[in-house]
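Student: What follows is a predicted structure for the sequence shown.
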Amino acid sequence: MAPSFLSFASLYSFYLRHCFTSSGLSQKSINVGDETTIHFWAPTQLRQSKPNLVFIHGFGPVSLWQWRQQVQFFAPDFNLYVPDLIFFGDSTTKSPERSEIFQAESVAKLLETLGVEKYSLVGTSYGGFVSYHIARMFPERVEKVVIASSGVNMKKKNNEELVKKAKLEKIDDLMLPQKPSDLRALLGVAVSKPTLLMVPDFFLNDVINVRNFLISINFYLCF
């Protein structure tokens, strides 16, 4: 992986961290049980007069890469909590559990540990599944739920159709791209701006390498 001062992805991450901190958030990691650690962004100064809002990211990017615009827009009016789901960013576990229900339980434990009794949820994609299960399991804590771009009724054939549309061999190639052509295929089915498909390979490689580096570190720490 290229040094951070030569990496577009690393430089962009630096910019995103600045956006979060300038919006009044700071990053922390805490243990939620004996086996699980969650990294998250939370208010540097908690305002009891503000309602609590939790953003839960989708599969692929960490929360920092997903919620910049929303954080900057909602920070003046809400206490924002933005966790990294387990195996994303610095959130790790030694538990063998791998389901979205386990993710939901872990996020709920995080909020309980922080003393956040009532909150609303916004989840996108995979985060929508997690948000749904938090609301289902802890209805006394959740006030409102927004689920966006999340196939809660998705079936196996939907994945097969998606892979066929992307002209790839299996869903792994699409959801965990290992080369620029796979990432470009993912962009092709995920975004509506054709200009993004013209991004050069060296930039896409940088994004893949930074992501793979973070995933490798997480699995090393967990196992």
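Tutor: On my side now, so go ahead.
Student: residues in contact with the residue nearest the centre of the chain?
Tutor: In the chain, the residue lying closest to the centroid (CA atoms, centre = their mean) is His57, at 3.1 Å. His57 makes contacts with 63, 65-67, 82, 84-85, 88, 124-127, as judged by CB atoms under 8 Å, 6 or more residues apart in numbering. For glycine as for every other residue, the C-beta is placed from the backbone atoms N, C-alpha and C.
Student: next one: Met175
Tutor: 59-60, 186.
Student: would you turn those residues into a markdown table with secondary structure?
Tutor: Formatted as a markdown table, those follow (DSSP: H, G, I helix; E, B strand; the rest coil):
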| residue | secondary structure |
| --- | --- |
| Phe59 | coil |
| Gly60 | coil |
| Leu186 | helix |
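Student: ok, and the most crowded of those residues?
Tutor: Leu186 (18 neighbours; other CB atoms under 10 Å).
Student: What's the separation between that one and Lys94?
Tutor: 30 Å (CB to CB, to the nearest Å).
Student: Please narrow the contacts of His57 to those residing in helices.
Tutor: Among those, the ones falling in helices (DSSP state H) are 63, 65-66, 126-127.
Student: For the protein, which segments count as helices?
Tutor: 8-22, 63-66, 68-74, 100-113, 126-137, 156-166, 171-175, 180-190, 201-222.
Student: List the buried residues for the fifth one?
Tutor: What it means is helix 126-137. For helix 126-137, a neighbour-count test (16 or more other CB atoms under 10 Å) marks 126-135 as buried.
Student: Identify whichever of the helices of the chain lies nearest to Ser29.
Tutor: helix 100-113 (10.2 Å; CB to CB).
Student: buried set for stretch 143-157?
Tutor: Applying 16+ other CB under 10 Å to stretch 143-157 flags 145, 147, 150 as buried.
Student: Does the second one touch Tyr132 like I think?
Tutor: This points to Ile147. Yes - Ile147 is within contact range of Tyr132, at 6.3 Å (criterion: CB atoms under 8 Å).
Student: joint contacts of those two?
Tutor: Common neighbours of Ile147 and Tyr132 (CB under 8 Å, 6+ apart) are Gly123.
Student: Spit out the contact partners of His39.
Tutor: So His39 contacts 27-29, 83-84, 89-91 (CB under 8 Å, 6+ apart).
Student: Next, count neighbours for the residue lying closest to it once chain neighbours are set aside.
Tutor: Counting by CB to CB, 6 or more residues apart in numbering, Asp90 is the residue found nearest to His39 once chain neighbours are left out, at 3.7 Å. Using other CB under 10 Å, Asp90 has 16 other residues around it.
Student: what's the distance between Asp90 and Leu11?
Tutor: Counting by CB to CB - Asp90 and Leu11 are separated by 19 Å.
Student: Repeat that for Lys156.
Tutor: Per CB to CB, Lys156 is found 40 Å from Leu11.
Student: Next: Glu105.
Tutor: As judged by CB to CB, Glu105 and Leu11 stand 36 Å apart.
Student: Please convert the helices of the chain to CSV, extending it with distance to Thr44 and mean pLDDT.
Tutor: Converted to CSV, the helices of the chain look like this (distance: least, CB to CB, whole Å; pLDDT from 0 to 100):
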stretch, distance to Thr44, mean pLDDT
helix 8-22, 8, 90
helix 63-66, 16, 92
helix 68-74, 13, 97
helix 100-113, 17, 97
helix 126-137, 23, 96
helix 156-166, 40, 80
helix 171-175, 34, 75
helix 180-190, 33, 77
helix 201-222, 24, 52
